[in-house]
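Engineer: Turn this into a structure:
(one chain, ligands or ions: 1)
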Amino acid sequence: MSQFFALIPAAGSGSRMGNELPKQYLPLCGRPMIYHAIKTLCNNRSIAGVFIVLSPGDIHWSQYDWSEFSQKLTVLQFGGATRADSVLNGLIAAQQKNLINPQDWVLVHDAARPCLTSDQLNKLIGELASDNVGGLLAVPVADTLKRGDADNHVRQTESRDNLWQAQTPQMFRCELLTRALQNAANMNVTDDASAIEALGLHPKLVPSDAYNFKVTYPQDLALAELIIQKRNHP
Ligand code: C5P
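Structural biologist: Here you go, the predicted model:
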């Protein structure tokens, strides 16, 4: 029987936040941001284990108490230069340590999406567990899309028909995702699905919602704080 594992690449510096502290450790409702995604993933009964991929030079992780998750959490300090490198290094390390089998599912989730819910997670697993390829949470594009030029003048309005915004988790079998990321080594892919697509495969889009947004700019952090506070004190 295949098992389900989560992998959180958390080796980024988060330079767009304009902060010294890497984004995954910025305080959010009294915890480092990454805590919230770890909690949702570890508390899900379908998830057998959660791998955290840290940068080799990470000095922040050990400053927090993670003991409440010790049953499921494994730290792999093999982060790379890009998100794709960090995911690939994590997958290889987990396989070398015999922590995961090639046919097990891996749900790759960004540390910077702290508002993921258990319902979204269950829906993703439910829709993909018997899929041949795998897929990802995503939301249909709602805004009108403009293509601009270098001076910020509109060159063209793009059709939004069938356009989706990719989120995470993105769920693929360990062996397939490892092969896809190795194949995509020089392609600058920014998510896992892109690497799978480069093999000629078609990941499934599983409808999500806007709450599972990625914290990228300082104002995103304030919004995430409001959402999590409201959930904790309805
Ligand atoms: O910077 P961005 O928001 O695109 O990062 C997405 C995720 O990838 C974050 O969880 C970040 O820590 C991770 N990442 C990584 N290794 C890198 C760059 C980003 O694990 N070299």
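
Engineer: helix/strand/coil for E20?
Structural biologist: Under DSSP: H, G, I helix; E, B strand; the rest coil, E20 falls in the coil class.

Engineer: Need the pLDDT of it.
Structural biologist: Predicted confidence (pLDDT) for E20: 79.

Engineer: same check, this time on M17
Structural biologist: 64.

Engineer: and what of A112?
Structural biologist: Reported pLDDT for A112: 94.

Engineer: Wait, it touches F213, no?
Structural biologist: No. Judged on CB atoms under 8 Å, A112 makes no contact with F213 at a distance of 9.2 Å. Yep, even glycine has a C-beta here, placed from its N, CA and C like the rest.

Engineer: Show me which of those two is the more surrounded one.
Structural biologist: A112 (25 against 19; other CB atoms under 10 Å).

Engineer: Show me how far the helix or strand containing N89 is from its chain's centre.
Structural biologist: In this assignment (DSSP states H and E), N89 forms part of helix 83-96. Relative to the mean C-alpha coordinate of its chain, helix 83-96 is positioned 14 Å out (CA atoms, centre = their mean, to the nearest Å).

Engineer: average pLDDT for whichever helix or strand comes after it?
Structural biologist: Using DSSP H and E, the next helix or strand after helix 83-96 towards the C-terminus is strand 105-108. Strand 105-108 carries an average pLDDT of 98.

Engineer: Strand 105-108: what's the following helix or strand?
Structural biologist: Following strand 105-108 toward the C-terminus (DSSP H and E): helix 118-128.

Engineer: mind listing what the longest strand belonging to the chain pairs with, with the direction of each?
Structural biologist: Using DSSP state E to define each element, the chain has its longest strand at strand 164-173. If you go by DSSP bridges, strand 164-173 pairs up with strand 105-108 (antiparallel), strand 134-140 (antiparallel).

Engineer: next one: phi and psi at P32?
Structural biologist: phi -70, psi 140 (degrees, to the nearest 10).

Engineer: and it, how far is that from L137?
Structural biologist: 23 Å (CB to CB, to the nearest Å).
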